[in-house]
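1. quick one, fold the following:
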Amino acid sequence: MAAGSGVTILPILKNEIRRVRTALWFRPSAYCLAAVLVALLVVTVDGFLPKDALGWLPDIDRDTVKELLKLMAGSMLTVSTVTLSVLMLVLSLAAGQASPRAVPEIMADPVTQNALGTFLATFVFALTALLLFGFGAVHGPGVTLTFFCALVLVMNSVRYLVQWIHHVADSLKVNRIIQRIYHQAANVLEAYLDSEPQRGGKAAAPRREPGDERATAIRPAVTGYVQMIDGERLHNLACEHDLAVRLCVQEGDFVHPRRRLMEVTGKLSGDETSDALQAVVVVGFERSHEGDPRFGFELLAEVACRALSPGVNDPQSALACIEHLGSLLAIAGERPAADYPLPRSTDGRVEFRRPDFAAMLERSFRPVIRDGAGSAEVICAIAEVLKDLAGEAAPDYLDIIVAEAERAKAFGDGALHLEADKRALAGAVSALKEVATRRKGVNSNAAR
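-> Numbering: from 1, shown residues only. Presented below is the predicted three-dimensional model:
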């Protein structure tokens, strides 16, 4: 298939579908549409049933139902408005306490979306039913069915209101925000580690060195962050047009029209092919968790640094971030480098930029070491996490872990004032080195 405009938009469409599914407006809109359909179904169902099929239902006065619907419409509109106001306050507090980049996760919270959708759907149902009453479309058993549906929706709204109030109070806790970020990061990391390389295709075109003048540079049309790279689509295009492609960016990188997205070796058949290759890399105004395992590490480190700032001064939250970072690094470190996603497709045609364990470790602790070096409990906690990591991670990473511990010790020695704190840090780093040395010796003997 030629690289036409219909195929070009596929990566953008995939990214938009993924974004819309977690958008704040999607579920409430779907709930409101369902409420309209239910209202239409309820008031017309008796016209399609055998005579007296719903005769067993009690008769409800039309004026009583209309008054109930008016009360529902007014109260649910008020509750929906208050819910949105409280949500904006929660988002503002989360941005101040944790990080502005944690806001999208709270907006995508299913409990909040379901609650807001329930309130708005109840309002829409009441409004639609009132309009149908005004048009004279409701008669017979439809009046009673509308009454019972209204009661069910009201009870469900009250249940969601109580649940949502508790959920909001719980969501304002910094530890809850940290846990939410951690779970999202862990899911993305595990999906990344389990991802399969692109397979098949013809033999690759000759590979060129980076910056080779014979390679064609593909650049983005806009400025922003790489949100998604459709590796499968890129590989298919490379096979289809007999190209060798070297990606110069990965998810989470900042790009602009003067930065290379990729270098292509081979004959490009025209602008359509270049546009299709360019569209494989989706660029947006903010970073996205999906496909970017580094983002979760950076977000937890940012929350820790914010907690250590003089304006917040919350070292316990920083310690919680350090422990969660240690858990993420344990997931990343249990797999040797050979088991990470391959840096190129199995036929060698497409070369990717992949985050490795070293990149994740660097983004985890270096900002926290910089800002927390003067706090003994913080810098020693980092050393303890690294020591535990040295005892569990694959042997490939022992040298990297020891180097990071040495970095933490150097910062701590320069920032700590008490000799006792310096000795405690030195003891933790020394214990880490002993663990690393012992594991290296065991692996050396096993190799022999």
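
2. from what I see, I382 and V368 are in contact.
-> Yes - with contacts counted by CB atoms under 8 Å, I382 reaches V368, the gap being 6.6 Å. Just so you know, the C-beta spots here come from the backbone N, C-alpha and C atoms, and that holds for glycine as well.

3. more neighbours: these two, which one.
-> Ranked by neighbour count (other CB atoms under 10 Å), I382 and V368 place I382 first, with 30 against 27.

4. how close does that one sit to R366?
-> 10 Å (CB to CB, to the nearest Å).

5. hmm, back to that, what do I382 and V368 both touch?
-> I322 (CB atoms under 8 Å, 6 or more residues apart in numbering).

6. now for D399, how many residues are close by?
-> 12.

7. where's it, which helix or strand?
-> Using DSSP states H and E, the element containing D399 is helix 398-415.

8. which parts of that helix count as buried, going by neighbours?
-> L398, I400, I401, V402, E404, A405, R407, A408, K409, F411, G412, A415 (16 or more other CB atoms under 10 Å).

9. now the first one: how far from E404?
-> L398 sits at a distance of 11 Å from E404 (criterion: CB to CB).

10. quick check, pLDDT for E286.
-> On pLDDT, E286 comes in at 84.

11. who are the contact partners of it?
-> For E286, the contacting residues are R101, P104, G224, Y225, by CB under 8 Å, 6+ apart.

12. element containing the second one, please.
-> Read that as P104. Using DSSP H and E, P104 falls within helix 103-107.

13. show me what the following helix or strand past that helix is packed up against.
-> Next in sequence after helix 103-107, counting helices and strands by DSSP H and E, comes helix 110-134. For helix 110-134, the packing partners by 3 or more CB pairs under 8 Å, 6 or more residues apart in numbering; DSSP states H and E come out as helix 26-44, helix 62-97, helix 141-171.

14. mind listing what's buried along helix 110-134?
-> Using 16+ other CB under 10 Å as the test for burial, helix 110-134 gives 112-130, 132-133.

15. what about P343, how many residues nearby?
-> 13.

16. just to check, it is in contact with F352?
-> Yes - if you go by CB under 8 Å, P343 and F352 touch, sitting 5.7 Å apart.

17. what about R233, helix or strand, and which?
-> Assigned by DSSP H and E, R233 falls within helix 231-240.

18. now do the one helix or strand V188 maps to: distance to the chain's middle.
-> Here V188 sits within helix 174-193, counting by DSSP H and E. With CA atoms, centre = their mean, to the nearest Å as the basis, helix 174-193 stands 8 Å off its chain's centre.

19. other SSEs contacting that helix?
-> If you count contacts as 3+ CB pairs under 8 Å, 6+ apart, helix 174-193 packs onto helix 62-97, helix 103-107, helix 293-308, helix 315-333.

20. give me the buried positions along it.
-> 174, 176-178, 180-182, 184-186, 188-189, 192.

21. tell me the one among those nearest to L329.
-> L189 (9.7 Å; CB to CB).

22. the closest residue to that closest one other than its chain neighbours: neighbour count?
-> Spatial nearest neighbour of L189, chain neighbours left out: P293 (4.5 Å); criterion: CB to CB, 6 or more residues apart in numbering. Counted by other CB under 10 Å, the residues lying close to P293 total 28.

23. returning to that earlier point: could you tell me the least trusted of the helices and strands packed on helix 174-193?
-> helix 103-107 (a mean of 74).

24. which secondary structure elements does that helix contact?
-> Using 3+ CB pairs under 8 Å, 6+ apart, helix 103-107 is in contact with helix 62-97, helix 174-193.

25. gap between the nearest residue to G296 once chain neighbours are set aside and S288?
-> Leaving out its chain neighbours, the residue that sits closest to G296 by CB to CB, 6+ apart is A185, at 2.1 Å. Counting by CB to CB, the separation of A185 from S288 is 13 Å.

26. cool, I178 as well?
-> On the measure of CB to CB, I178 and S288 end up 20 Å apart.
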